[in-house]
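Student: Sequence and predicted structure below; questions after.
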Amino acid sequence: VFSMLSSGVFSEDTSVCSLTQYRPNPGDPKKPTISNTYQMRTEANINNRQFTTYYHEYVSYGGQEAAVHIDAAGYKYTEIYSFRNNQLFHIDRTTNVCTVKPLSQAKTLYLFGQQTANGVKIFTGAGALHFGGNVTEQHINQTSVRGVMCDMWRSCQYWSALNATMTVDWYFSVGWWSTARIKANIPVRCHVKGTVWQNNKPRKFDHTYDFEGYQEQITDGRVFMTPPGAYCPTRKNAMKLPNPQPTFRFSAEIVQTDLDMVAQIDELFDAQLKLARYDRTPFQDNGFGMNPYTEIHDFSTGVAYVIDDAGRNCTAEPIPFGGFDVRTTSDSGHVRVRTAKEFFYFDKYNYTYEGRRTARDILCNVFITQRTDWPSPKSGLSTWEWYFATNDYTTNIPDKLLFAVPIRLTITSSGGSHYVYNIYNYDERPAPIWYYDISPCYLEDKAKRDFKFLLPGNFSQYASTNVEQFRYALLRVIAKAGNIGTVPLSPVRINNINFDYDDNNNMVVTFTLLDKAPLIGDVQTPVVENSLTDVANALMNNLQNKAFQLRILANGQAVTLQAQPSNIAQSAHHNAPVKLVKKPGGSTGISGGAMAGIAVGLLVLFFAVGLLATYAFYRRQGGAFLKEI
């Protein structure tokens, strides 16, 4: 409460008062008690210097923390005292600049605590107000203060940390006075008058503190948190940042508040399969149209497929530099898929835990960092804050997330841009490979082959009860049968797996095999793929030689299903061709052509955040599926 300048330590100044001067009288009313948790607003009139400041202070002895918001001479700042971590945070509320120092070095430590032989200790509520406790007060009289009838209590105090002796007059509302908080004996005013010694010279001081809004609870714990966007260097980290899994998916709403722009995107990511996909609608027509589109990046081959969702037109080109799922290799001439940490921008900079804050009505753990490489290297400072739902919240997915539930990301750049990424439906379970469907890019003659074969067995028992499980088991066997030597068959080339049953309740399986990638991208070591003809021949050989066996667990029993050679067939497609644009040569970033037409419109929003979420092998090739044995 008391604002003074520190000085050397001397002794009590008896010309002001004596520590034994004021003693309680037998007829004194009961002294008010001060809660160990309280908040109140203060108008501080520094009479000897003719200026006024405003405070809003909070004390939580149980939480080992205190905070004060101060407005003084046009300067607005907040100081947060963390006695658990022995740190003082000073935040300029105009610039949001934060500085940190040990509490033991804070000149204002005397407001809420003291240095002891066992370290820095927080005061109780009575200690913070310097009333009651070890202080001896005498009841003087009852008097009106600001129209409120009060009991006046006087004491003589000496503060060794300030080398100050003072007479302290406290005014508390009388017991029969009704207050807004339905609490008797609340603090109304404190008048402090005395002498402080500095450099062996006395200086008189005279302060009056008027209080309002006193209450013995703090309902909003955010008062002990640094404000949103305030990055505090050297803050001690109290919680580790969650570790993202290599596969995840989500939907996002992206808001750029300074431009009043909002967009939506669905994102899928699989670092293990080196696949990424996102679905969105462009802001403007740059030659490709305004239809929603899907973009799939296959980092095994280095090819990006951009598919018009309405017209089903496809553009294929090398994966461009600069995408938010893309990292440039050390030689700067190739691209690679980001790791999960790189997608969330967790890889280079350390995040520190701020505390808990609410986003979208969800209580979140909040982490913060500052970067100098966004949106491009050698950029100015940008502040990043990640919000993750606390463990008190559950989601509607059957398995507990190994990562966490991301709720929001905010980015504020030194140039004034402010982005808010609201994240919905986050799920780290891998999804079926057919979510990366590139078949619209293979509608030319002879660009794919259809296969059909018969699996003897009870359709109702093995397939109809869980279609996705059975389809995924077929995918694994088909991919294995299409391998030639050491060259694997990419699962993205296996499309449209379906099955039905015949008159004998056997299973009729059909699928489509796609041609190899139409070009070689800019990845450092692109996968060499076998041609459509070679893979088709390998599949037919394995099917005809009874090497095509589907082994599954059903009802706890191992079952082997053998494809019947006499029922195997393949046929070439003869659809009307849809133009496949092949763009050979090195990537030059997002520029020119159909790809740029749909990408540039959203680039303003999306180039910053590596948040491609992904779908992949369902349940990491296990989980809820029937497992191949």
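Tutor: Noted; the coordinates are in hand.
Student: Check which helices and strands the lengthiest strand in the chain sits against.
Tutor: In terms of residue count, the longest strand belonging to the chain (DSSP state E) is strand 201-215. Judged by 3 or more C-beta pairs under 8 Å, 6 or more residues apart in numbering; DSSP states H and E, the packing partners of strand 201-215 are strand 37-46, strand 187-198. In this view, the C-beta of every residue, glycine as well, is placed from N, C-alpha and C.
Student: Could you tell me the angle between it and strand 37-46?
Tutor: Angle of strand 201-215 versus strand 37-46, following axes from the mean of the first three to the mean of the last three C-alpha atoms, to 10 degrees, is 140 degrees.
Student: For strand 201-215, give the mean pLDDT please.
Tutor: Confidence for strand 201-215, expressed as mean pLDDT, is 96.
Student: now do stretch 348-362
Tutor: For stretch 348-362, mean pLDDT rounds to 93.
Student: now do the same end-to-end measure for it.
Tutor: 28 Å (C-alpha to C-alpha, to the nearest Å).
Student: Tell me the buried residues in that stretch?
Tutor: Across stretch 348-362, burial judged by 16 or more other C-beta atoms under 10 Å covers 351, 352, 353, 354, 355, 357, 359, 362.
Student: Now secondary structure and distance to residue 227 too, for the residues you listed, in CSV please.
Tutor: CSV is the format used below for these (DSSP: H, G, I helix; E, B strand; the rest coil; distance: C-beta to C-beta, whole Å):
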residue, secondary structure, distance to residue 227
351, coil, 17
352, strand, 15
353, strand, 15
354, strand, 9
355, strand, 11
357, strand, 10
359, strand, 14
362, strand, 19
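Student: now, which of those sits nearest residue 524?
Tutor: Nearest to residue 524 among the buried residues of stretch 348-362: residue 351, at 29.8 Å, using C-beta to C-beta.
Student: correct me, but the closest one touches residue 367?
Tutor: Yes - between residue 351 and residue 367 there is a contact under C-beta atoms under 8 Å: 4.1 Å.
Student: Mutual contacts of the two, please.
Tutor: By C-beta atoms under 8 Å, 6 or more residues apart in numbering, residue 351 and residue 367 have these common neighbours: 241, 386.
Student: what bits of the stretch 101-250 of the chain have low per-residue confidence?
Tutor: For the stretch 101-250 of the chain, no stretch has pLDDT under 70.
Student: what about the helices in it?
Tutor: If DSSP state H, counting those that start in this stretch is used as the criterion, the helices of the stretch 101-250 of the chain fall at 125-129.
Student: residue ranges of the strands in it, please?
Tutor: Secondary structure of the stretch 101-250 of the chain (DSSP state E, counting those that start in this stretch): strands at 113-116, 119-122, 138-145, 148-159, 164-173, 187-198, 201-215, 247-256.
Student: ok, so what distance separates residue 182 from residue 173?
Tutor: 12 Å (C-beta to C-beta, to the nearest Å).
Student: who has more neighbours, these two?
Tutor: residue 173 (21 against 6; other C-beta atoms under 10 Å).
Student: beta partners for the more buried one?
Tutor: residue 150 (DSSP bridges).
Student: Distance of it relative to residue 34?
Tutor: Distance from residue 173 to residue 34, by C-beta to C-beta: 14 Å.
Student: Where does the prediction get shaky in the protein?
Tutor: 1-10, 286-288, 311-312, 395-400, 445, 566-567, 572-629.
Student: nearest spatial neighbour of the residue nearest to the spatial centre of the chain, skipping sequence neighbours?
Tutor: Nearest residue to the geometric centre of the chain (C-alpha atoms, centre = their mean): residue 386, 2.3 Å. Nearest residue to residue 386 in three dimensions, chain neighbours excluded: residue 367, at 4.8 Å (C-beta to C-beta, 6 or more residues apart in numbering).
Student: Please tell me how far the one you found sits from residue 235.
Tutor: 11 Å.
Student: one step back: list the buried ones in the longest strand of the chain?
Tutor: 205, 207, 208, 209, 210, 211, 214, 215.
Student: and if you look at stretch 152-166?
Tutor: Per 16+ other C-beta under 10 Å, stretch 152-166 contains these buried residues: 152-159, 162-166.
Student: Show me which of those is closest to residue 570.
Tutor: Nearest to residue 570 out of those is residue 162 (C-beta to C-beta; 92.2 Å).
Student: From what I see, that closest one and residue 110 are in contact.
Tutor: Yes - checked against C-beta under 8 Å, the pair residue 162 and residue 110 is within contact range at 6.7 Å.
Student: the strands in the stretch 251-400 of the chain, which residues?
Tutor: For the stretch 251-400 of the chain, the strands defined by DSSP E, counting those that start in this stretch occupy 261-270, 275-280, 293-298, 303-308, 314-318, 326-328, 335-337, 352-359, 362-371, 382-389.
Student: Same list (the ones you listed) but as TSV, adding distance to residue 246.
Tutor: Shown next, in TSV, are those (distance: least, C-beta to C-beta, whole Å):
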stretch	distance to residue 246
strand 261-270	7
strand 275-280	11
strand 293-298	15
strand 303-308	21
strand 314-318	24
strand 326-328	15
strand 335-337	10
strand 352-359	24
strand 362-371	20
strand 382-389	18
